[in-house]
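1. I'd like to go over a predicted model; first the sequence, then the structure.
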Amino acid sequence: MSLNRVHTDTDQSAEYSTEYSVQVPGEHAAARTREVTVLRSGCGRCLPRSVRLSFTPDSLERLYQSYFRRQRQENLPVLALFAALFNSFIIVMCAVVFTRERLAMLLVAAAALAADAALYALCLLRKLPASPVSRGAVPYVLWLMVTVHVLCYMALNYERFPQASDSVGWQAFFSFSSFLTLPLNLAALVLLSALSCSIHTLVLGVTVAQGFQDELQGPMLVRQLLANIMLYLCAAMVGVMFYYMADRKYRTAFLEARQSLEVKLTLEEQSTQQEELLLSILPKHIADEMLQGMKNQADQNEVQQQQQQFNTMYMYRHENVRYVREKTRTEVDMRVGVHTGTVLGGVLGQKRWQFDVWSTDVTVANKMESGGIPGRVHISQTTKDSLHGEFDLEDGNGGERCEYLLEKGIETYLVLVPKQPAKGLNGNTPATLTNRNSNQLINTTATNGNTPVSHRSTPTESKHERNKMVEEQVINRRLQQELLERETQQIMKDHQINSVSLRFLDVKLEELYSSEKERRSGAAFCCCIIVLFFITAMEVFIDPLLVVNYVTLAVGQVLLLILTVCSLAAIFPRMFSKRLVSFSMWIDRTRWARNTWAMAAIFVLTMAVIADMLSCAPPSIWVSNRTSGPTLESLSDHGCAENPKHYSFMAVMSLMATAMLVQVSHLIKLGLMVLVVTASGAVNIYSWRDIYDLYDYMQSSSYRASMVPSKYLMTVMIIVMMICFYVFARHLEHQSRKLFLWKIGVHDQKERVFEMRRWNEALVTNMLPEHVAKHFLGTKKRDEELYSQSYDEIGVMFASIPNFSDFYTEESINNGGIECLRILNEIISDFDSLLDRDEFRCITKIKTIGSTYMAASGLTPESNTNGYSSRKLEHQSLMEHWQHLAALADFALAMKVTLNNLNKQSFNNFMLRIGLNKGGVLAGVIGARKPHYDIWGNTVNVASRMESTGVMGNIQVVEDCCNILKEYGFRFIRRGPIFVKGKGELLTFFMKGKDKPSRSADPVTTALPHQVGELS
């Protein structure tokens, strides 16, 4: 089965092309395959190209943005919880050293905590305003609340002794958190982050500058504010990368949902088309039983199949059936025969299934038709009794035209005009013939076996575009509906998970989730490089003379670059060696390797920060007498010891980098964040104890008793932020697992639809030749658009079992004839099984007519003629382009051997009477409601006459056919001229066997029973 790919824009990166492509099963999916391209948007050309990717058409991008905002709405409670934890931190810090000066801060924090809790409850319970305008305003309201929280904390907590580091860590934290949680587009988030950071920097700078006592403090303030800006830029850049990664993840999920919907609709359409075609050939109850039988057979192993005694037969008894036999004359007059009785209806054989009926009453109906009159309806006495005088009749005298009717003594009648004409759907009486369903075959002059192209005029381009737009709208509406339904499903409740680790209790499901490739791990390691760069930039502004900063930057960047390259190699395989790409892919698919790589990155980052902190020495100080009393002042150039809080902010950056590690579980992130907090807290409380105490004394010596020591304040701040990031990491993993379950569900649903389509297709291709089935299933066909194809060199075979009619009885011992048909089913099934052999692949079974088996060669691409060969006809030898006819003759001999073996097993004496011929035919499908594949032409008629005029146990051919087959080693004896109806006298021959092996297959060497001796 071929695979069609939904195309993406050709200039995408390798990663994006891989991630945004889908494979649609089925050869016929091209009718629904659409291009979903990802193009550069007109705005934001200064942004990285990957960030500017968007879907086209615009309607699809709008639908995605709506979906993305709804998914991000689930993050709003997380940001409200962050704000609540921030205000809880303020309340605890105020309560530890409570004074009257702290009362205002305490009241403001308590009120803010109540507002955060209320908003958190509304978000969690989905009680937010339902109107689009109100719901769209909620993210801005939450952003404004958080910004006011931080400004109030800065203004009230540090009003007496403002410093350039006041609440800077919290501002960076909430700036980064906005990118994590707010359901806004990237441009809005960047503007809001820039606005809040600018306001905070401006207010802080003006407030601190107002307290300067000399001009020498100005340059240091500028450096401190620039260090703050480095922190804000780091938070914004990492936040933008997280937004980009989240956008890519949800674009992937959205595109998978859309493309799976397209595949589902395509498969549903094909399944419906196949089912309609299937049910047009077979009754539903038989088609359902056949489908179930095929599934059961597929589930059986070979031993069970070998133990099966009989082939499956689908046969039912139908009582009081009115059987109509029609025949069209050249004057378009219908000769109709009707008889009422009992039939056995079903399917025989294993290939080219077709529904048929068998019984003595069917034979009577056939004779009613052959003994009828053109343009008249010929009915039997039994049918007359069932009509209860509903039609006017006259004597039919069928016995005068049919010996069978005369022998059986069957009275017949001809129908006159009905007493109460019944109106049909088109207003015509049943006796009136219309051409509504008299569909003609498509005329074609092609002779090469290709499916003909309709000569109807194609629709205009504008109409095509309108249809495409309408179809796109239908797809988008269906996608919107499915996405909304999916979001309301409690899919995580349907799968048991560990409440602590969030792992699936289903081991196989957890292994599948763990082994899923994470394409965005490279971006996460890039964040570590960015964080280390901004840490160094911040340190340069704080203490540009600290050499260790530059050493840790160089060493750390080299190590992180190695980790990043090993992760990016799988995304950009053309840029790296095959060995490195293989190693990178192994890391992506192995959980413990991903965890080890992530831990290594955070370890490098943390050690760089700790090394910088430990390299900072306490400052030299001296006592100065001022009007306010003795004051401690530093003799150094205001280095790292003068700004210890900024080094705690480095830990905040490390926590941000840890939050970006999308490829590890929340528990691993918790362990890494505990590492960062433990290392930073140990340095703050122990190694930097003197530095922080001296810093607090120099900044607010007279108010130390009413303040929480900075070493504890910074440590608790980092711990609270760690708790916030862990909550978000847990929430993020919950969302990732939910997306994974949705993906699994979509895949399973697609597999179920595909499996149903596959079974339907198997049934359809078992009733029509594969190339004909493709023609019907490829596109929507109008009733008059049927299939026809002419062939120049075809072999045709008719093989009947004349003495089966003597074997068939409808006595109770044979279950009303079913057991007799079971034997016939075995015979036909064994004949069908021969077609599975490689040497007979060029042979197509056409149909069975009672106990007559009809097949043809040269109709399929496996044959080396009729345009299927790559060589021109004039360049082919006689032996080459008639090889399929030799295979058909071998098949006829193999049928005789097969029937002989079955006779021995069943103690019967069935014999075949076979006729062969070669020449040109017209192949096609007739009937729009009950399509049936068949072949017509003089070649078919002569082959049929070769069978009907032949002798049981023999294969009869005409002279032309004999001359060709002799070249392949077949032996013949001359029968002589025989009279053939419509052809006059024809010289015929009997095939005796084969002397030498076929050039394309193993020889058929067997004793052929019942051969006729020398005939004149």
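-> Cool, the structure landed. Residues are numbered from 1 along each chain as shown.

2. Can you tell me the SS state at Leu987?
-> strand (DSSP: H, G, I helix; E, B strand; the rest coil).

3. Pretty sure it sits against Asp960.
-> No - between Leu987 and Asp960 there is no contact under Cβ atoms under 8 Å: 9.7 Å. In this view, the C-beta of every residue, glycine as well, is placed from N, C-alpha and C.

4. Next up, the contacts around the closest residue to Val540 other than its chain neighbours.
-> Of all residues beyond its chain neighbours, the one nearest Val540 is Asn549 (6.6 Å), with distances taken as Cβ to Cβ, 6 or more residues apart in numbering. When contacts are counted by Cβ atoms under 8 Å, 6 or more residues apart in numbering, Asn549 touches 536, 539-540, 543, 612.

5. just checking, which of those belong to helices?
-> Using DSSP state H, 536, 539-540, 612 are the members of the contacts of Asn549 that sit in helices.

6. Distance from the chain centre to the longest helix belonging to the chain, please.
-> Criterion DSSP H: the longest helix present in the chain is helix 217-281. Helix 217-281 has its C-alpha centroid displaced from the chain centroid by 18 Å (Cα atoms, centre = their mean, to the nearest Å).

7. and what of stretch 835-852?
-> Computed by Cα atoms, centre = their mean, the chain-centroid distance of stretch 835-852 equals 36 Å.

8. Quick check: buried residues in it?
-> 835, 839-848, 850-852 (16 or more other Cβ atoms under 10 Å).

9. for these, which one is nearest Leu103?
-> In terms of Cβ to Cβ, no member of those lies closer to Leu103 than Arg841, at 94.0 Å.

10. any idea how far the closest one is from Ala887?
-> 8 Å (Cβ to Cβ, to the nearest Å).

11. same question, Asp361
-> With Cβ to Cβ as the criterion, Asp361 and Ala887 are 39 Å apart.

12. Please say which of the two ends up with more neighbours.
-> Ala887 (25 against 21; other Cβ atoms under 10 Å).

13. give me phi/psi at the residue nearest to that one when sequence neighbours are not counted?
-> Spatially, and ignoring its direct neighbours in sequence, Ala887 is nearest to Cys842 (5.5 Å; Cβ to Cβ, 6+ apart). According to degrees, to the nearest 10, the main-chain angles of Cys842 amount to phi -80, psi 0.

14. and what of Phe972?
-> Given degrees, to the nearest 10, the pair of backbone angles that Phe972 has is phi -130, psi 160.

15. Provide a list of residues in contact with it.
-> When contacts are counted by Cβ under 8 Å, 6+ apart, Phe972 is found next to 957, 962, 965-966, 989-992.

16. same deal with Met145?
-> 83, 112, 115-116, 119.

17. How many neighbouring residues does Arg69 have?
-> In terms of burial, Arg69 registers 16 neighbours under the definition other Cβ under 10 Å.

18. Test my guess that it contacts Pro183.
-> Yes - because the distance of 4.4 Å satisfies Cβ under 8 Å, Arg69 is recorded as touching Pro183.

19. Angles on the backbone of the nearest residue to Ile497 once chain neighbours are set aside, please.
-> Spatial nearest neighbour of Ile497, excluding adjacent residues (Cβ to Cβ, 6+ apart): Phe504 at 5.6 Å. For Phe504, the backbone dihedrals (degrees, to the nearest 10) come out as phi -70, psi 140.

20. roughly how far apart are Phe504 and Val548?
-> Going from Phe504 to Val548 by Cβ to Cβ gives 46 Å.

21. Let's verify Glu394: helix, strand, or coil?
-> Assigned state for Glu394: strand (three-state reduction, three-state DSSP).

22. How many neighbouring residues does the closest residue to it other than its chain neighbours have?
-> Nearest in space to Glu394, with sequence neighbours left out and distances taken as Cβ to Cβ, 6+ apart, is Leu414 at 5.3 Å. Using other Cβ under 10 Å as the criterion, Leu414 is surrounded by 17 other residues.

23. what's near enough to touch Leu414?
-> The contact partners of Leu414, taken as Cβ under 8 Å, 6+ apart, are 373, 376-379, 393-396.

24. between the residues you listed, which is nearest Tyr140?
-> Val377 (81.2 Å).

25. Look up the pLDDT of that closest one for me, please.
-> Reading off the per-residue confidence, Val377 sits at a pLDDT of 90.

26. out of everything not next to it in sequence, what's closest to it?
-> Spatial nearest neighbour of Val377, chain neighbours left out: Val415 (4.1 Å); criterion: Cβ to Cβ, 6+ apart.

27. can I assume that neighbour sits in a helix?
-> No - when three-state DSSP is applied, Val415 is found to be strand, with no helix at that position.

28. I'd say it and Gly375 touch.
-> No - judged on Cβ under 8 Å, Val415 makes no contact with Gly375 at a distance of 11.1 Å.

29. between the two, who's got more neighbours?
-> When Val415 and Gly375 are compared for neighbours, Val415 comes out ahead with 22 against 14, by other Cβ under 10 Å.

30. Phe391 versus that one, what's the distance?
-> Summarising the geometry, the distance separating Val415 from Phe391, computed by Cβ to Cβ, is 5 Å.

31. Please apply the same query to Gly817.
-> Computed with Cβ to Cβ, the distance linking Gly817 and Phe391 is 31 Å.

32. got the contact list for stretch 388-400?
-> By Cβ under 8 Å, 6+ apart, the list of residues contacting stretch 388-400 from outside reads 367-368, 371-372, 378-379, 384, 405-406, 409-420.

33. From the residues you listed, keep the buried residues only.
-> Taking 16+ other Cβ under 10 Å as the criterion, what is buried in those is 367-368, 371-372, 378-379, 384, 405, 410, 412-415.

34. Now the residue nearest the centre of the chain: closest residue in space that isn't a chain neighbour?
-> Here the mean C-alpha position of the chain is nearest to the C-alpha of Ser260 (Cα atoms, centre = their mean), at a distance of 4.1 Å. Nearest in space to Ser260, with sequence neighbours left out and distances taken as Cβ to Cβ, 6+ apart, is Val746 at 4.5 Å.

35. tell me the SS of Ser501?
-> Ser501, by the three-state scheme (three-state DSSP), is coil.

36. need the contact list for it.
-> Under the criterion of Cβ under 8 Å, 6+ apart, the contact list for Ser501 reads 665, 667.

37. switch the cut-off to 7 Å
-> With Cβ atoms under 7 Å, 6 or more residues apart in numbering as the criterion, the residues that contact Ser501 are Leu667.

38. Let me see the backbone angles for it.
-> Torsion angles, degrees, to the nearest 10, at Ser501: phi -90, psi -10.

39. ok, so what distance separates it from Ser812?
-> The span separating Ser501 from Ser812 equals 70 Å under the rule Cβ to Cβ.

40. Please apply the same query to Gly136.
-> Computed with Cβ to Cβ, the distance linking Gly136 and Ser812 is 80 Å.

41. Which residue of those two possesses the greater neighbour count?
-> A direct count of neighbours by other Cβ under 10 Å for Gly136 and Ser812 places Gly136 higher, at 13 against 7.

42. Name the spans of the stretch 751-900 of the chain whose pLDDT lies under the cut-off.
-> 760, 763, 771, 773-787, 861-880 (pLDDT under 70).

43. just the helices in it please.
-> With DSSP state H, counting those that start in this stretch as the definition, the stretch 751-900 of the chain shows helices at residue ranges 770-778, 804-807, 818-834, 878-881, 883-906.

44. who wins for proximity to Phe572 among those helices?
-> Phe572 lies closest to helix 770-778 among those, at 38.8 Å (Cβ to Cβ).
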